[in-house]
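> Compute the structure for the input listed below.
(2 chains)
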2 protein chains.
Amino acid sequence: MARKGLQTTDKDIINLAKIVGEKWILYKRPDLLAYDCDGFTIHKHLPRAVVFPDNTEEVAEIVKYCDAHGLPFLARGAGTGLSGGAIPLNGEVIISLVKMKRLLSVDLENRRAVVEPGFVNLKLTNSIAHKGYYYAPDPSSQYACTIGGNVAENAGGAHCLKYGVTTNHILGLEVVMPNGEILEISTNGVPDAPGYDLLGLLTGSEGTLGIVTKITVRILKNPEAKQTVLAYFDKVSDGSQAVSDIISAGIVPAALEMMDKTAIEGVEAAAFPVGHPRDIEALLLIEVDGISAGIDEQINEILEVCRKQNVREVKVAQSEEERGRWWANRKTGFGAMGAISPDYLVQDGVIPRSKLPEVLARINKISEEYGLRISNIFHAGDGNLHPLVLFDARVPGETEKALKAGSACLQVCADVGGTITGEHGVGIEKKEEMRYVFSDQEIIAQTDIREVFNPKNLLNSGKLFPSPGRCAEVKKELKEAVKTV
Amino acid sequence: MARKGLQTTDKDIINLAKIVGEKWILYKRPDLLAYDCDGFTIHKHLPRAVVFPDNTEEVAEIVKYCDAHGLPFLARGAGTGLSGGAIPLNGEVIISLVKMKRLLSVDLENRRAVVEPGFVNLKLTNSIAHKGYYYAPDPSSQYACTIGGNVAENAGGAHCLKYGVTTNHILGLEVVMPNGEILEISTNGVPDAPGYDLLGLLTGSEGTLGIVTKITVRILKNPEAKQTVLAYFDKVSDGSQAVSDIISAGIVPAALEMMDKTAIEGVEAAAFPVGHPRDIEALLLIEVDGISAGIDEQINEILEVCRKQNVREVKVAQSEEERGRWWANRKTGFGAMGAISPDYLVQDGVIPRSKLPEVLARINKISEEYGLRISNIFHAGDGNLHPLVLFDARVPGETEKALKAGSACLQVCADVGGTITGEHGVGIEKKEEMRYVFSDQEIIAQTDIREVFNPKNLLNSGKLFPSPGRCAEVKKELKEAVKTV
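Sure, this is the predicted structure:
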């Protein structure tokens, strides 16, 4: 019998409601529709229910219930993920962490803060900015995405060239394991903490090993000064060479971003146009930060490198306002594609910097072959490419074509010694492409680790690794080989 | 029957010799004595044999042989480890990697080099210095220690404050797994590579998960300029405050080292005295590097901070030669204790920087309590303390007292929210102290991972984790709890 307020006789819903309170569970179809996908919208599945725990103990109770009753489950932050990590492929119970959004403590002296997983990335910087501190990882979705989600995906951002990705900024985690046990994992801020690096293992495990319920992050002192350069190149090869030359000069810019012609067309048609010329092949957005005294010399060196590479125009931001406009323009990059195409697919390959011109030429060929425009936005400094495949889902067969073109771009990245994701994760989007970079044995080594933490595979199953097949066979062969020894 | 040249009828020795060649195996007692310990000399055990493979395939064959015949085995580099990671506790077959010392490739454009595990740390920098590049991790033993050993221990060094420890510089590994399988693990230089972070897991696993046979490392461009400051303080609390103030000023020195009075007495009595005053409580050695233009301002700020904290004398190195002498003096630090004490025990705790004065006072108390002098050398910038317990092993009971005093220092570090090792590893030395920082459940999570890679526990067994006891019971309880659900 349904309890007061709940209009269901479903025993699991009633029991889960007892844990979080009736107000904090969704189970009716219209309510569930908003949770059928995340930022990767090509696959959609309805969850069994969505629950909103308020604290670690409630998360642990929910997980214990799911584990005991064989219910698949997964955690969800803001749902901004781009690889489908929060899509309930198997009708999971979604554990939404948006209510757990407290900033628990800030310790400026030791440069640490403790947050709950639902705390929004940008809010952390906003909370400590007046004291002169900030949190470094800055994915473009930082105004919305949660730090819990950042941990799951090991999120990057434009400024990760100098400051590293999420894993470089995590000092400790509280994790609810798939059996409901609560584990504390901490380095205590130590670069080489004792024992195996579980913190590194959990970070970026895409929600398949446990559910993070508390996060200790490193916070940084604001740099004394920043300067930002915008450079326009007639030839993409000149822009690429400038990227290499800047790095070779020993400069480590805070950010070193590149956009190609189609990307420029997009951002100029979107919310924050800044008047980029439309007939150039590439622009670079370069930011240097640090102690004031060193900045000017670095900027001069960057300007000189650009001039040597036949830059058409190069300028330094004259005010914080101008700098802000340039970044707003860049950060609309993905969404801006909506202004020039009904649909688009974001890819996320990584290549050695030196292969940039070759890879861009091959992506051009893929574009021609599939008859789909592909624009390129990239964190050029660390070779992290975002080919954006433009398509129209209303045209029959075009979605499939776009997926194939995207996959072909990743194959190119893998071919030149790069890999298939730099910051968006594998999720369901790229799990088959894992075979481009991992052998069967290497995948088995990873699924064996998953088995340690997540033996029943009820937590976020069907993600990150290719469907069993050849791997399962190899595993059987290996196990038999071991036995016969 | 013994094969020609081998004076033994031991089947295992004969078979192992077939793999590496008769010249490349030691099995006679006098030859084995040199391998009964590493840099941690308190425990000694004879190995069964020492083999010297020449390449990955030979390593794999040796491992397969040991695995098939139930022979315990472990890998050894230069034997400079300080926590006993290469000590053959169970009469292991030692796989010495000193013959595998080739520099396989250098790719300056993409800033990578590939080395074999026996390649000596400092040789890498020496090989690329003339082109303006270097390898960042610089343990004090870098003239002797191997990069393979650095990977096993996730070695640090004086310059890790700014540049990070070994794990931050490893881009790929080839590993022979405990069953003889060869695994390639690579991020392809990507900060957030797809899949679980196996590279992070293997790095610092202290030779318990696999044997590294090839290493791709990141190389860095030489900084344009360096400057080094030496500051003498009458009070250790003033020196500690200066450390905090430098970091608070937003400066990230390349190195920020501290020595106390006893340590100064030691280094001045050793090979490279520089004339430090003997009546000060602490000295700081501070190095800043980067683009020339920024350096002077940072140095001025550092000088000002020191003056505000009542520095007695502060000076900037006037030449590369002077800078070199200061560093040689500092780097003799541990060994120098030999000049003022028959024996010494190096500890390796880590604390939050803000706890420095409190921890030093408590270490002083431990020193009084045990009647043993304790000197302190530390990477002050990241709170990595090296208390050196001075003792005389010839005095009955003093070794045990020294071990207890060292353990008490680590307990203090754990108490204030720090941990028990910063860069030397756990090995056999600190395995019981793992309980200061990990719960039973947390240790089990780690030994479960070891089981995935090293199911028979033939590889380097008895290291890194406390002896089973309470943990084994808890594991049984947990497994039963899971079953009853």
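> For the rest of this, base every contact and every neighbour count on C-alpha atoms.
Fine.
> Give me every residue in the stretch 251-400 of chain A lying close to chain B.
A:251, A:291-295, A:297-298, A:350-354, A:382 (C-alpha under 8 Å from any C-alpha of the partner chain).
> tally of neighbours for the closest residue to A:Ile19 other than its chain neighbours?
Excluding its sequence neighbours, the residue lying closest to A:Ile19 (C-alpha to C-alpha, 6 or more residues apart in numbering or on different chains) is A:Glu58, at 6.3 Å. By the measure other C-alpha atoms under 10 Å in any protein chain shown, the count of residues near A:Glu58 is 17.
> Give the buried residues for the host helix or strand of A:Glu58.
Assigned by DSSP states H and E, A:Glu58 belongs to helix A:56-69. Neighbour counts over helix A:56-69 (16 or more other C-alpha atoms under 10 Å in any protein chain shown) mark A:56-67 as buried.
> Can you list the helices and strands that it packs against?
Counting contacts by 3 or more C-alpha pairs under 8 Å, 6 or more residues apart in numbering or on different chains; DSSP states H and E, helix A:56-69 is packed against helix A:11-20, strand A:170-176.
> Let's have the ones you listed in JSON lines, adding distance to A:Glu358 and mean neighbour count.
What follows is those, written out as JSON lines (distance: least, C-alpha to C-alpha, whole Å; neighbours: other C-alpha atoms under 10 Å in any protein chain shown):
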{"stretch": "helix A:11-20", "distance to A:Glu358": "54", "mean neighbour count": "18"}
{"stretch": "strand A:170-176", "distance to A:Glu358": "36", "mean neighbour count": "23"}
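> could I get these as CSV with distance to A:Arg373?
Output for those, formatted as CSV (distance: least, C-alpha to C-alpha, whole Å):
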stretch, distance to A:Arg373
helix A:11-20, 46
strand A:170-176, 38
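> could I get these as a markdown table with mean pLDDT?
Formatted as a markdown table, these follow (pLDDT from 0 to 100):
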| stretch | mean pLDDT |
| --- | --- |
| helix A:11-20 | 97 |
| strand A:170-176 | 95 |
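> circling back to that earlier point, what's the first helix or strand after the helix holding A:Glu58?
Once helix A:56-69 ends, the next helix or strand along the chain (criterion: DSSP H and E) is strand A:73-76.
> buried residues in that next one?
Buried residues in strand A:73-76 (16+ other C-alpha under 10 Å): A:73-76.
> same question, stretch A:315-322
Within stretch A:315-322, the residues scored as buried using 16+ other C-alpha under 10 Å are A:316-317.
> mind saving the C-alpha coords of the helix holding A:Glu58 as PDB?
Taking Å, rounded to 0.1, in the frame of the first residue of the first chain, the C-alpha atoms of helix A:56-69 are listed here in PDB:
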ATOM      1  CA  THR A  56      26.700  10.700   3.200                       C
ATOM      2  CA  GLU A  57      24.600   8.400   5.400                       C
ATOM      3  CA  GLU A  58      21.600   8.600   3.200                       C
ATOM      4  CA  VAL A  59      23.800   7.900   0.100                       C
ATOM      5  CA  ALA A  60      25.200   4.800   1.900                       C
ATOM      6  CA  GLU A  61      21.700   3.600   2.900                       C
ATOM      7  CA  ILE A  62      20.400   4.000  -0.700                       C
ATOM      8  CA  VAL A  63      23.400   2.100  -2.000                       C
ATOM      9  CA  LYS A  64      23.000  -0.600   0.500                       C
ATOM     10  CA  TYR A  65      19.300  -1.000  -0.500                       C
ATOM     11  CA  CYS A  66      20.200  -1.200  -4.200                       C
ATOM     12  CA  ASP A  67      23.000  -3.600  -3.500                       C
ATOM     13  CA  ALA A  68      20.800  -5.900  -1.400                       C
ATOM     14  CA  HIS A  69      17.900  -5.800  -3.900                       C
END
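> Centre of the chain to that helix, how far?
Remark: helix A:56-69 is offset 27 Å from the chain centroid, using C-alpha atoms, centre = their mean, to the nearest Å.
> And the contacts of it?
Applying C-alpha atoms under 8 Å, 6 or more residues apart in numbering or on different chains, the contact partners of helix A:56-69 are A:16, A:19-20, A:53, A:72-73, A:95, A:176, A:178-182, A:213, A:458, B:485.
> wouldn't A:Val212 be in contact with A:Glu174 here?
Yes. Assessed by C-alpha atoms under 8 Å, A:Val212 is found in contact with A:Glu174 at 5.8 Å.
> re the thing from before, which two from the contacts of helix A:56-69 end up farthest apart in space?
Farthest pair in those (C-alpha to C-alpha) is A:Thr213 and B:Val485. Separation: 23.4 Å.
> higher neighbour count, these two?
Neighbour count, other C-alpha under 10 Å: between A:Thr213 and B:Val485, A:Thr213 has more, with 24 against 11.
> domains of chain A?
Under automatic domain parsing, the residue ranges defining each domain of chain A are A:11-96, A:103-221, A:224-340, A:342-437, A:440-484.
> And the strands in the stretch 201-350 of chain A, which stretches?
For the stretch 201-350 of chain A, applying DSSP state E, counting those that start in this stretch gives strands covering A:211-218, A:220-221, A:225-233, A:255-260, A:282-290, A:311-316, A:343-346, A:349-350.
> For the third one, C-alpha coordinates in PDB please.
Put plainly, it is strand A:225-233. Output in PDB follows, covering the C-alpha atoms of strand A:225-233 (Å, rounded to 0.1, in the frame of the first residue of the first chain):
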ATOM      1  CA  ALA A 225      49.100  39.400 -13.000                       C
ATOM      2  CA  LYS A 226      47.600  38.000 -16.200                       C
ATOM      3  CA  GLN A 227      47.900  39.100 -19.800                       C
ATOM      4  CA  THR A 228      46.100  37.700 -22.800                       C
ATOM      5  CA  VAL A 229      47.000  37.700 -26.500                       C
ATOM      6  CA  LEU A 230      44.800  37.200 -29.500                       C
ATOM      7  CA  ALA A 231      46.500  36.300 -32.800                       C
ATOM      8  CA  TYR A 232      45.000  35.800 -36.200                       C
ATOM      9  CA  PHE A 233      46.700  33.500 -38.800                       C
END
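> now what about stretch A:106-120, what contacts it?
Applying C-alpha under 8 Å, 6+ apart, the contact partners of stretch A:106-120 are A:77-78, A:97-105, A:142-149, A:212-220, B:248, B:352-354.
> Same list (the strands of the stretch 201-350 of chain A) but as a markdown table, adding distance to B:Met434 and mean pLDDT.
Listed next are those as a markdown table, based on distance: least, C-alpha to C-alpha, whole Å; pLDDT from 0 to 100:
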| stretch | distance to B:Met434 | mean pLDDT |
| --- | --- | --- |
| strand A:211-218 | 21 | 97 |
| strand A:220-221 | 30 | 92 |
| strand A:225-233 | 43 | 96 |
| strand A:255-260 | 40 | 94 |
| strand A:282-290 | 39 | 95 |
| strand A:311-316 | 53 | 97 |
| strand A:343-346 | 45 | 90 |
| strand A:349-350 | 38 | 90 |
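> Those: which one's closest to B:Gly335?
Taking C-alpha to C-alpha, strand A:211-218 is the member of those nearest to B:Gly335, at 34.5 Å.
> In terms of secondary structure, what does that closest one contact?
Packing contacts for strand A:211-218, counted by 3+ C-alpha pairs under 8 Å, 6+ apart, involve strand A:112-115, helix A:147-153, strand A:170-176.
> what does the average pLDDT come to for the shortest one?
Read it as strand A:112-115. For strand A:112-115, the mean per-residue pLDDT is 96.
> Where does the prediction get shaky in chain A?
Within chain A, the ranges that satisfy pLDDT under 70 run A:1-4, A:188-192, A:469-485.
> could you redo the last one with a cut-off of 80?
Scanning chain A for pLDDT under 80 picks out A:1-5, A:187-193, A:291, A:293-294, A:468-485.
> what residue is smack in the middle of it?
Among the residues of chain A, the one closest to the centroid is A:His424, at 3.3 Å (C-alpha atoms, centre = their mean).
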